[in-house]
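Asker: Here is a sequence with its predicted model. Questions after.
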Amino acid sequence: MSEEKRKVHFIAIGGAAMHNLALALSCKDGYEITGSDDEVFEPSGSRFEKAGLLPKEFGWFPEKIHKGLEAVILGMHAREDNPELLKAKKLGVRVYSFPEYLYEQTQHKTRVVIGGSHCKTSTTAMILYVLKQLKMDFDYMVGAQIDGFENMVGLSDDSRIAVFEGDEYLTSPLDLRPKFHLYRPHIALLTGISWDHINVFPTFDNYVEQFRLFSKMIEKEGRLVYYAGDKELCDIASKVREDIVAMPYDTPEYKVVDGKTTITYKKQDIPLQIFGEHNLQNLMGAFGVCVQLGIKKVEFWRIIETFGGAANRLEKVAENNAAVAYKDFAHSPSKLRATVKAVKTQFPDRELVACMELHTFSSLTKEFLPEYKDSMAEADIAYVYFNPEVIEHKKLDAIAEEQVAEAFGGKNVKVFTDSDKLQAELRSISYKNKNLLMMTSGNFSGVNLMEFAKELLD
């Protein structure tokens, strides 16, 4: 007689994190996955179709909720009055948020959580890359697709380690705690603190407090690996419980020759494929975590030489003999500064054309704009783009091109609200001995960045 399936239903299954968790569970023996959503975008749609998980109809169907469900997982896209959620509550079916369910699945494993306002995905990708090269079993959750991993979530019965990217945004419509507060790490890594998500954390102090609370949720006799160049992190680390060991890391000694970065560790030169001081700091944080996981130092350095970076994090999208084009997820002030500086430092003899899109809630809020002052100052030519329709959709106060230009400061910044005009401007430039850097969490209102970059450099 076959064993009864463990039935799990997803409300708002099409989200980036949710659909990856659904796919991960569907690959495990003994699970039966169902889900609903009012719309499913790509790549979720085609991935679901291939796996046989695409809902036959879009919308909410309370009849899908029954007492035979082991769990209902609730996505951020669902509202409190969602009819499926109300039915689950009525029947007493256990409802989990995404991070609650990940914790539930990894309670008896060593949990590693990478938090911080920036560089979480890059640092997590480094750790996962090393673990995979060493053929170690591990569970994981990362915030973007990375090379070598078909899914952004992986769960197994055999692994003893779980590595999670720790997002500070809200957990679910029913749980307004930051996601990373629910993971309770044995090993925590914090990359840095720079005010973000102002729609949820209205002041910088309120934002910093979320990281302070996170440090208190580290398991007994745990480890806190943190970037020593961040004032707020140093303060947090100095006040952790006595049973927690705080382990600082900093920027390693390095040199750049002919566009290639080499770090020096204990008098040994280690050539790298990645570059930029922020990435070198990420590297040292990943090193600290891997050592705590029992990985030999010599093995870490041997493997990390071949790490090529995470998708959309200083990802090379086009190149010729006289120019390179990169795209990057950077959208916050601290990310812009770090990314612009990285490319300029790596290629000091080339001019840098930097182009970014204001796309997130924080970046399009007029009170937040002054945080961007001088964030693109190291670029030779700087373009800032925003779409007024996105501002209207997010129900924010309108902002003017002049406001944005004044907020960024510097004579090198030009602001656009028309994507076609921005593209025309970029096409008018000769890229001989120039590099192009495109930074956005969107796509400049429908631009295929890889194809566009190749067109410009060709």
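Answerer: Noted; the coordinates are in hand.
Asker: Tell me the buried residues in the least confident helix or strand in the chain by mean pLDDT?
Answerer: Sorted by mean pLDDT, DSSP states H and E, the helices and strands of the chain end with strand 170-172, the least confident at a mean of 88. In terms of neighbour count (16 or more other Cβ atoms under 10 Å), strand 170-172 has its buried residues at Leu170, Thr171, Ser172. (Glycine included, C-beta is placed from N, CA and C.)
Asker: out of the residues you listed, who's nearest Tyr207?
Answerer: Ranked by distance to Tyr207 (Cβ to Cβ), the buried residues of strand 170-172 are led by Leu170 at 12.9 Å.
Asker: Run through the strands of the stretch 301-450 of the chain in chain order.
Answerer: With DSSP state E, counting those that start in this stretch, the ranges of strands along the stretch 301-450 of the chain come out as 315-320, 323-328, 351-357, 381-385, 413-416, 434-439.
Asker: can you list contacts of the fourth one?
Answerer: To tie it back to what came earlier, the one meant is strand 381-385. Contact with strand 381-385 is made by 351-358, 376, 404-405, 408, 410, 412-417, 419, 422, 425-426, 429, 444-445, as judged by Cβ atoms under 8 Å, 6 or more residues apart in numbering.
Asker: what's the answer for the longest one, then?
Answerer: Strand 351-357 is contacted from outside by 330-331, 336, 340, 343-344, 376, 378-386, 422, 426, 429, 431, 433-444, using Cβ under 8 Å, 6+ apart.
Asker: Now do the contacts for Met152.
Answerer: Contacts of Met152 by Cβ under 8 Å, 6+ apart are Ala16, Ala17, Asn20, Met141, Val142, Gly143, Ala144, Gln145, Ile146.
Asker: Which pLDDT value goes with the second one?
Answerer: Pointing back at Ala17 there. Looking at Ala17, its pLDDT reads 90.
Asker: Also the fifth one?
Answerer: Looking at Val142, its pLDDT stands at 94.
Asker: Just the residues contacting the very next helix or strand once past the least confident helix or strand of the chain, thanks.
Answerer: Using DSSP states H and E, the next helix or strand after strand 170-172 towards the C-terminus is strand 175-178. Applying Cβ under 8 Å, 6+ apart, the contact partners of strand 175-178 are Ser97, Glu100, Asp167, Glu168, Tyr169, Leu170, Thr171, Gln210, Phe214.
Asker: cool, stretch 318-325 as well?
Answerer: Contacts of stretch 318-325 (Cβ under 8 Å, 6+ apart): 316-317, 347, 350, 431-438, 450, 453-454, 456-458.
Asker: Report the buried members of these.
Answerer: Val317, Phe347, Arg350, Tyr431, Lys434, Asn435, Leu436, Leu437, Met438, Ala453, Leu456, Leu457.
Asker: tell me the contacts of the second one?
Answerer: Okay, so that is Phe347. Gly259, Val324, Asn435.
Asker: which one among these gets closest to Gly222?
Answerer: Gly259 (39.8 Å).
Asker: my guess is Met76 is in a helix, correct?
Answerer: No. Judged by DSSP: H, G, I helix; E, B strand; the rest coil, Met76 forms no part of a helix; its state is coil.
Asker: contacting residues around it?
Answerer: Neighbours of Met76 in contact, by Cβ under 8 Å, 6+ apart: Ala12, Gly15, Phe98, Leu170, Thr171, Ser172, Pro173.
Asker: Any figure for the gap between the fifth one and Leu182?
Answerer: In this structure, Thr171 lies at 6 Å from Leu182, with Cβ to Cβ, to the nearest Å as the measure.
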